[in-house]
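Quick one, what's the 3D model for this:
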Amino acid sequence: MTRWCIPFIVVAIIRGAGIDGAEKLSNTIMGILIVAEGYSILRHIYNINTGKDLPEIDVFDALMKKLTDFLISK
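Sure, this is the predicted structure:
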């Protein structure tokens, strides 16, 4: 549960600190999380209907890497 709180905390910090591009970055973070959850739901539905498993995509780790790179560059 804590792992999913980190992006929301980071978005709040970025917006509160007034970092340039904060709105774009926070919208990107939220969009990525929404798409990742949507994929996960569709993946489970597909698995239930067909019995075949689709590959799991770890979007969270990729998101955290991109976010870390962005914050270090500022």
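
Only C-alpha atoms from now on, for both contacts and neighbour counts.
Fine.

now for the helix or strand encompassing residue 64, which elements pack on it?
Using DSSP states H and E, residue 64 maps to helix 59-73. Packing contacts for helix 59-73, counted by 3 or more Cα pairs under 8 Å, 6 or more residues apart in numbering; DSSP states H and E, involve helix 22-50.

hmm, try it at 10 Å
On a contact count with 3 or more Cα pairs under 10 Å, 6 or more residues apart in numbering; DSSP states H and E, helix 59-73 meets helix 2-17, helix 22-50.

weakest of these by average pLDDT?
Of all these, mean pLDDT reaches its minimum on helix 2-17 (a mean of 78).

picking that back up, kindly reformat the helices and strands packed on helix 59-73 as TSV containing distance to residue 56 and mean neighbour count.
Supplementary listing: the helices and strands packed on helix 59-73 in TSV, determined by distance: least, Cα to Cα, whole Å; neighbours: other Cα atoms under 10 Å:
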stretch	distance to residue 56	mean neighbour count
helix 2-17	17	13
helix 22-50	8	14
